[in-house]
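Novice: Provided below for reference: sequence and predicted model.
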Amino acid sequence: MMNLSRWKVIAVVLSAIFGVLFTLPNVLPADVRDSLPGFMPKQTLNLGLDLQGGSHLLLEVDTAALKRERLTNLVEDTRTTLRDAQIPFAELREVNGEVSVLINDPAQANTAVNKLRATVAGVVAGQPGGREVSISNDGGGRIRLSLSQEAMTAEAGRAVDQSIEILRRRIDELGTKEPTIVRQGVDRIVVQAPGESDPQRLRDVIGKTAKLTFQMVDDSVSLEEAAAGRVPPGSELLPSEDGYTSVVLVKKRALVTGEMLTDAQQSFDQQSGQPVVSFRFNSAGARRFGEATASSIGKRFAIVLDGKVISAPVIQSAITGGSGQISGSFTPQSANDLAILLRAGALPAPLKVEQQSTVGAELGADAVKAGVVSLAIGGVAIIVFIILAYGLFGLFAAIALVVNVLLILGIMSFTQATLTFPGIAGLILTLAVAVDANVLIYERIRDEAHAGRSPISALEHGYSRALVSILDANITSAISALIMFQFGSGPIRGFAWTLLIGVVTSVFTAVVITQVLIGLWFRIKRPKALPIV
């Protein structure tokens, strides 16, 4: 095993070069780093929330609002189904968390139930035979529709999964690197955004539902009549932010929704110069919007965001290009934030901020300083111990240890991994594990030399027989790190990732690098006895 094969020497040289090149940008000032030649790596470690500072939010999906929206849609679906089936009805409304409707002719009640079951009572995903909506008939023509608990549980789960993906897209648009967005429990989401200097803006951007709809304005009754409670069926009174009226009466059924948008950008109106949001529909949205505006020339349509009317312009002509703009009392930043929300998509349900905390940059800097100091103290202590215990061979192990640190930092910079304070603890633990491997090798070499073997034979047997124990110990550590990385979150994943990289680099440096160094020394000195005997 002490043969200095070419691949071992090349591997040692390349690993040292890799470690130096990819670790170097982390210690250079930003201006120096930017001036490096093009072939030089410039990426640095991403510091976690505890080291860089940033914002921590605990969000809860508003399942009550989710249920209210489902019931509102169920009312409209029931209305459409009964009208299409030409079944006269009355008193269609939501009562105590369920939808109630009275069929005028009780003899048609069973027909109505069958029609509703075929259209609105969908199947719960993953539960054969389970219905999202239960429908009952009291025999007197009164039909009640209620959402099943299984359906709401599945809906809440889908809402959390969809919200996590939308939040990730929104935060990425803000330029925050390596955000942590994970589920906590059934309906909660933890968001950590390292380096976010404006936590209130983060809260505003990720907390808005951003549900955009285009709905026709209902001019069949005056606003005074609507405000007095005479709202026509199928319409609703919404607050307005267009600066002209405080409320607007709109049709509940949306012409087009924000889900049909393909792009949204902040721009400026060519006539007024005011900030606006330009948008573009996909083909289906453009066709539907064109048809709706072509049949409603002279009427008004409302642009509704999160239940509030932004503007309600009059349709002058058919809008067939599939694009348009949203105007309002925007600043350039608020228009850009709205464009970010529209591009990322609407949340399926509102998110309530249950907890918010901010780690200041000063605290993060203190944590970095403490981590560097602890790493330096731990590294120096380990190096002093190994040199005192094994002399020259201990120096070789110390060199391998330095290369090990460079490799870990280089790999983490190359993969753009996030370093957290627990990750620094994992790095220190890795150094101790690497020294353990050298201790096993050197003690085995010492035993072989005491047994009367020649120096070259003692070295070969020491490395070959200690390797099995080293691999066993590190494989179990790697398995533990993989389990923590797979099932952990936040700091646990940071610790596990650092530990996993360290396990691989430790085996390489403790075995291969020290072997090459000792082999070179042996070729030059040709000693009669080993210095650790």
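Specialist: Arrived safely, thanks for sending. Numbering: from 1, shown residues only.
Novice: in terms of contact, does H461 touch G452 like I think?
Specialist: No. In this structure H461 lies outside contact range of G452 using Cβ atoms under 8 Å: 11.7 Å. Quick note: C-beta positions are derived from backbone N, CA and C, even for glycine.
Novice: who's more crowded, these two?
Specialist: Taking neighbours as other Cβ atoms under 10 Å, H461 and G452 compare with H461 leading, 18 against 8.
Novice: can I assume that one sits in a helix?
Specialist: Yes. Counting by DSSP: H, G, I helix; E, B strand; the rest coil, H461 is found in a helix.
Novice: residues near the nearest residue to it once chain neighbours are set aside, how many?
Specialist: Leaving aside its sequence neighbours, H461 sits nearest to E448 (Cβ to Cβ, 6 or more residues apart in numbering; 4.6 Å). Neighbour count of E448, defined by other Cβ under 10 Å: 23.
Novice: you'd agree E448 is up against S464?
Specialist: No. Counting by Cβ under 8 Å, E448 does not reach S464; the two are 10.0 Å apart.
Novice: Spit out the contact partners of the residue nearest to H461.
Specialist: E448 makes contacts with 457-458, 461-462, 465, as judged by Cβ atoms under 8 Å, 6 or more residues apart in numbering.
Novice: so which of those is the most crowded?
Specialist: G462 (26 neighbours).
Novice: Quick check, pLDDT for that one.
Specialist: As predicted, G462 sits at a pLDDT of 84.
Novice: Check T293 too.
Specialist: The predicted local confidence for T293 is 83.
Novice: Could you do Q86 as well?
Specialist: pLDDT, Q86: 88.
Novice: Same question for P527.
Specialist: So P527 comes in at 80 (pLDDT).
Novice: pLDDT weak spots in this structure?
Specialist: Counting by pLDDT under 70, the chain has low-confidence residues at 1-4, 122-130, 174-178, 195-199, 359-365, 367-368, 489-491, 533.
Novice: Counting by contacts, list what whichever strand or helix holds F396 packs against.
Specialist: F396 is part of helix 361-414 when elements are defined by DSSP states H and E. Applying 3 or more Cβ pairs under 8 Å, 6 or more residues apart in numbering; DSSP states H and E, we find helix 361-414 packed against helix 6-23, helix 49-52, helix 421-450, helix 491-507, helix 514-525.
Novice: Would you mind getting the angle between that helix and helix 421-450?
Specialist: Helix 361-414 runs at 50 degrees relative to helix 421-450, counting by axes from the mean of the first three to the mean of the last three Cα atoms, to 10 degrees.
Novice: roughly how far is helix 361-414 from the heart of the chain?
Specialist: 32 Å (Cα atoms, centre = their mean, to the nearest Å).
Novice: mind listing what's buried in stretch 35-53?
Specialist: Residues of stretch 35-53 classed as buried: 41-42, 44-53 (neighbour count, 16 or more other Cβ atoms under 10 Å).
Novice: contacts for the host helix or strand of T358?
Specialist: Secondary structure assigned from DSSP H and E places T358 in strand 351-359. Contacts with strand 351-359, where a contact means Cβ under 8 Å, 6+ apart, come from 49-50, 53-62, 163, 188-189, 199, 203, 206-207, 209.
Novice: which other helices and strands contact the lengthiest strand in the chain?
Specialist: Looking across the chain with DSSP state E, the single longest strand is strand 247-257. Helices and strands touching strand 247-257, by 3+ Cβ pairs under 8 Å, 6+ apart, are helix 63-84, strand 212-217, helix 223-227, strand 235-239, helix 283-294, strand 301-305.
Novice: closest to F268 out of the ones you listed?
Specialist: Of all those, strand 301-305 sits nearest to F268, with 18.0 Å by Cβ to Cβ.
Novice: For that closest one, output the C-alpha coordinates as PDB.
Specialist: Taking Å, rounded to 0.1, in the frame of the first residue of the first chain, the C-alpha atoms of strand 301-305 are listed here in PDB:
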ATOM      1  CA  PHE A 301     -65.100  45.300 -15.700                       C
ATOM      2  CA  ALA A 302     -63.300  45.200 -12.400                       C
ATOM      3  CA  ILE A 303     -59.700  44.200 -11.700                       C
ATOM      4  CA  VAL A 304     -59.900  42.600  -8.300                       C
ATOM      5  CA  LEU A 305     -56.900  41.800  -6.100                       C
END
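Novice: Tell me the gap between that strand and the middle of its chain.
Specialist: With Cα atoms, centre = their mean, you get 30 Å for strand 301-305.
Novice: next one: stretch 255-270
Specialist: 24 Å.
Novice: start to end distance for that stretch?
Specialist: Chord length of stretch 255-270, first to last residue, is 27 Å (Cα to Cα, to the nearest Å).
Novice: buried set for it?
Specialist: For stretch 255-270, a neighbour-count test (16+ other Cβ under 10 Å) marks 255-258, 260-261, 264-266 as buried.
Novice: Need the contact partners of that stretch.
Specialist: Stretch 255-270 has contacts (Cβ under 8 Å, 6+ apart) with 210-216, 274-282, 284-285, 288-289, 292, 301, 325, 327, 332, 335-336, 338-339, 342-343, 345-346.
Novice: what about 6 Å?
Specialist: Residues external to stretch 255-270 that are found in contact with it (Cβ atoms under 6 Å, 6 or more residues apart in numbering): 212-214, 275-282, 285, 288-289, 292, 335-336, 339, 342-343, 346.
Novice: Can you tell me which of these are buried?
Specialist: 212-214, 275-281, 285, 288-289, 292, 335-336, 339, 342-343, 346.
Novice: hmm, back to that, and the helices and strands packed on helix 361-414, which is most packed in?
Specialist: Here the criterion is mean neighbour count by mean count of other Cβ atoms under 10 Å, and of these the winner is helix 49-52, at a mean of 26.
Novice: And that one, how far out from the chain middle?
Specialist: With Cα atoms, centre = their mean, you get 17 Å for helix 49-52.
Novice: do stretch 340-357 as well
Specialist: Put simply, stretch 340-357 sits 13 Å off its chain's centre (Cα atoms, centre = their mean).
Novice: Can you give me the first-to-last residue distance of that stretch?
Specialist: Taking Cα to Cα, the first and last residues of stretch 340-357 lie 24 Å apart.
Novice: let's have the chain start at 4 instead
Specialist: All right, first residue 4 from here; so that's stretch 343-360.
Novice: Could I get the buried residue list for that stretch?
Specialist: Within stretch 343-360, the residues that count as buried by 16+ other Cβ under 10 Å are 343-354.
Novice: Please name whichever of the helices and strands packed on strand 250-260 is nearest to Q419.
Specialist: Evaluated over the helices and strands packed on strand 250-260, closeness to Q419 peaks at strand 215-220, with 33.3 Å, by Cβ to Cβ.
Novice: ok, V15 - contacts?
Specialist: So V15 contacts 516, 519 (Cβ under 6 Å, 6+ apart).
Novice: leaving aside the residues next to it on the chain, what's closest to P316?
Specialist: According to Cβ to Cβ, 6+ apart, the nearest residue to P316 is R303 (6.6 Å).
Novice: Any idea what K311 is bridged to?
Specialist: K311 forms beta bridges with L308, as assigned by DSSP bridges.
Novice: and stretch 252-259, which residues are buried?
Specialist: For stretch 252-259, burial by neighbour count (16+ other Cβ under 10 Å) applies to 252-255, 257-259.
Novice: whoops, I mixed them up, stretch 297-310
Specialist: If you call a residue buried by 16+ other Cβ under 10 Å, then stretch 297-310 has these buried ones: 299, 303-308.
Novice: List the neighbouring strands of the longest strand of the chain plus their orientation.
Specialist: With DSSP bridges as the test, strand 250-260 pairs up with strand 215-220 (antiparallel), strand 238-242 (antiparallel).
Novice: Please identify which of those strands is closest to I504.
Specialist: Nearest to I504, of the strands paired with strand 250-260 and by Cβ to Cβ, is strand 215-220 at 43.8 Å.
Novice: how distant is the longest strand of the chain from the center of its chain?
Specialist: On Cα atoms, centre = their mean, the centre of strand 250-260 falls 32 Å from that of its chain.
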